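Based on what follows, work out the 3D shape:
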Amino acid sequence: MNVQTPLHFSVEPPVIDLPINKIEDISFKMIFENRGESKVIFYPDATQFSCVSGWGSPGIGLSVKNGTLKELRTYYGPPPEVPNEKYFKETIQILKPKKRYINTIKACWIPSSVIKKEHLLVSTLDPEGMDDLKKNSISDSSILVLNRTREEIIQEMNKRDDFLRPNVLVFLKGMGDWDLEFSYYQSEWVCFRPKDNIAVTATKINLRVAD
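Residues are numbered from 1 along each chain as shown. Got it, this is the predicted structure:
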């Protein structure tokens, strides 16, 4: 059922300063607040990013001016089995009026200055052409690798040229100043049947490369 939701969604911090010449861990605090008079039933711990192949809902969207949200895969077969009803029941959150729920998305920042050209070749990152990767959207990009840490990335980077896959990441073009807009949504999908459809968008946050 579509209803006007009392669920308010925000992301902190509002500004993140990034180094120009080193890989660094960052995080996004996702804050859900019930500003209404009745409980809100939602599923923030069951989400996948909207770009993930084979996933419907619930999800996290992310839009970036001069940026591209992308899933890079190493497996192109049938999508994994959809979670069953029990999974969604176990991840349900019931938010009472005036209460908040917070979780965190970790990410790894990789500035363009530390990425070798061979790391950003379409032939390296999308050798089968299955992820529809375009040269002009990735060349000379800085990158956010979502749900990964600096330690994990550096470890893989030292092993192989295609260390950026499989991952969900954001290719960031431009001069080092980007506005990110996160959203949360839930609607009926396969065996996921939420009480209400919800779609909420957070105020934009700013990523900027420090001088």
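
Would you confirm that Pro97 belongs to a strand?
No: under DSSP: H, G, I helix; E, B strand; the rest coil, Pro97 falls outside any strand and is assigned coil.

Cross-check the contact I'm expecting between it and Lys39.
Yes: with contact defined as Cβ atoms under 8 Å, Pro97 reaches Lys39; the gap is 7.1 Å. The way it works is simple: take the backbone N, C-alpha and C, and place the C-beta from them, glycine included.

just for this protein, where's the confidence low?
1-3, 77-80, 211 (pLDDT under 70).

what ranges do the helices span in it?
Secondary structure of the chain (DSSP state H): helices at 85-90, 122-125, 135-138, 150-157.

Need those in TSV (columns: distance to Asp177 and mean neighbour count).
Shown next, in TSV, are the helices of the chain (distance: least, Cβ to Cβ, whole Å; neighbours: other Cβ atoms under 10 Å):
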stretch	distance to Asp177	mean neighbour count
helix 85-90	38	12
helix 122-125	25	17
helix 135-138	18	14
helix 150-157	22	16
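
And those: which comes nearest Thr104?
Nearest of the helices of the chain to Thr104, taken as Cβ to Cβ: helix 150-157 at 15.4 Å.

For the closest one, name the packing helices and strands.
Here helix 150-157 touches strand 100-110, going by 3 or more Cβ pairs under 8 Å, 6 or more residues apart in numbering; DSSP states H and E.

ok, 10 Å please
In terms of contacts (3 or more Cβ pairs under 10 Å, 6 or more residues apart in numbering; DSSP states H and E), helix 150-157 is packed against strand 24-34, strand 100-110, strand 142-146, strand 167-172.

Between those strands, which one is closest to Leu69.
strand 167-172 (5.4 Å).

Partner strands of that closest one and their direction?
strand 67-72 (antiparallel), strand 142-146 (antiparallel) (DSSP bridges).

Determine which residue lies closest to the centroid of the protein.
Centroid check for the chain by Cα atoms, centre = their mean gives Phe49 as the closest residue, at 5.0 Å.

what's across from that residue in the sheet?
Taking DSSP bridges as the rule, Phe49 bridges to Ile60.

List the contacts of it.
Applying Cβ atoms under 10 Å, 6 or more residues apart in numbering to Phe49 gives the contacts 55, 59-62, 69-71, 105, 146-147, 168-170.

mind giving me a markdown table with those residues and columns for neighbour count and distance to Val15?
Listed next are the contacts of Phe49 as a markdown table, based on neighbours: other Cβ atoms under 10 Å; distance: Cβ to Cβ, whole Å:
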| residue | neighbour count | distance to Val15 |
| --- | --- | --- |
| Trp55 | 18 | 30 |
| Gly59 | 20 | 25 |
| Ile60 | 21 | 20 |
| Gly61 | 16 | 21 |
| Leu62 | 20 | 17 |
| Leu69 | 19 | 20 |
| Lys70 | 24 | 24 |
| Glu71 | 19 | 27 |
| Ile105 | 17 | 17 |
| Leu146 | 19 | 19 |
| Asn147 | 14 | 22 |
| Val168 | 23 | 23 |
| Leu169 | 26 | 21 |
| Val170 | 23 | 17 |
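
Send over stretch 29-49 as CSV, restricted to the C-alpha atoms.
In CSV, the C-alpha atoms belonging to stretch 29-49 read as follows (Å, rounded to 0.1, in the frame of the first residue of the first chain):
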residue,chain,number,x,y,z
LYS,A,29,25.9,7.1,8.8
MET,A,30,22.3,6.3,7.6
ILE,A,31,19.8,7.8,10.1
PHE,A,32,16.1,6.8,10.0
GLU,A,33,13.7,8.7,12.3
ASN,A,34,10.0,8.2,12.9
ARG,A,35,8.5,11.7,13.0
GLY,A,36,4.9,10.5,13.0
GLU,A,37,2.5,9.2,15.6
SER,A,38,2.4,5.5,14.5
LYS,A,39,5.0,2.8,14.1
VAL,A,40,7.0,2.4,10.9
ILE,A,41,7.9,-1.1,9.6
PHE,A,42,10.9,-1.1,7.4
TYR,A,43,13.9,-3.2,6.4
PRO,A,44,17.2,-1.2,6.4
ASP,A,45,19.4,-4.3,7.2
ALA,A,46,18.0,-6.3,4.2
THR,A,47,18.9,-3.8,1.5
GLN,A,48,21.1,-4.1,-1.6
PHE,A,49,22.2,-1.2,-3.8
